[in-house]
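**Student:** Provide a 3D model corresponding to the input given below.
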Amino acid sequence: MSLEDAGFKVDTFNDPANTLKNFKPNFYDLIILDIVMPDMDGIKLYYKLKNVELDLNVCFLTASEKGRDDLSEVEDCKNLILYKPISILDLLNEVNKRIYR
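**Tutor:** Sure, this is the predicted structure:
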């Protein structure tokens, strides 16, 4: 809601299968993926989305230190991780930085 309040148009999905089903290629300026999710982790979802759209602007969000280790296997996504809890102001700054780089 805070991203919408800041003027961003947001699609939110709570289920990786639903994300894949509703994904709009070449539509999103930024995709934020949680690493730990039921049924499919964010890294596997990333690779599935990458099969649909090669040029994704992605950052990963996690509350787990495990995420840093898991993300190291993703060659083009190093240093694209945000840790929860994250303040709304910090999240907005990170989103703006990643979209308008």
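
**Student:** tell me the mean pLDDT for the helix or strand hosting L20?
**Tutor:** Per DSSP states H and E, L20 falls inside helix 16-22. Average pLDDT, helix 16-22: 95.

**Student:** list the contacts of it.
**Tutor:** Helix 16-22 has contacts (CB atoms under 8 Å, 6 or more residues apart in numbering) with 11, 13, 37, 39-40, 42, 44-45, 48-49, 52. No exception for glycine: its C-beta is placed from N, CA and C like everyone else's.

**Student:** may I ask which helix or strand of the chain has the lowest mean pLDDT?
**Tutor:** The least trusted helix or strand in the chain, going by mean pLDDT, DSSP states H and E, turns out to be helix 66-71, with a mean of 63.

**Student:** could I get the contacts of helix 16-22 as CSV with secondary structure, pLDDT and distance to L20?
**Tutor:** CSV is the format used below for the contacts of helix 16-22 (DSSP: H, G, I helix; E, B strand; the rest coil; pLDDT from 0 to 100; distance: CB to CB, whole Å):
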residue, secondary structure, pLDDT, distance to L20
D11, coil, 96, 13
F13, coil, 93, 9
M37, coil, 85, 12
D39, coil, 90, 11
M40, coil, 92, 9
G42, helix, 89, 12
K44, helix, 92, 11
L45, helix, 94, 7
K48, helix, 95, 6
L49, helix, 95, 7
V52, helix, 94, 8
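
**Student:** nearest to F27, out of those: which one, please.
**Tutor:** Closest approach between these and F27, by CB to CB: D11, at 8.5 Å.

**Student:** which residues of the protein fall in strands?
**Tutor:** 31-34, 58-62, 81-83 (DSSP state E).

**Student:** next, the buried residues of the helix holding L20.
**Tutor:** Residues 16, 19 are the ones in helix 16-22 that count as buried (16 or more other CB atoms under 10 Å).

**Student:** then stretch 89-98?
**Tutor:** Residues of stretch 89-98 classed as buried by neighbour count (16+ other CB under 10 Å): 91-92, 94-95, 98.

**Student:** residue ranges with poor pLDDT in this structure?
**Tutor:** For the chain, the stretches flagged by pLDDT under 70 are 65-79.

**Student:** from D55, how far off is the spatially most central residue of it?
**Tutor:** In the chain, the residue lying closest to the centroid (CA atoms, centre = their mean) is I32, at 1.8 Å. Distance, I32 to D55, using CB to CB, to the nearest Å: 16 Å.
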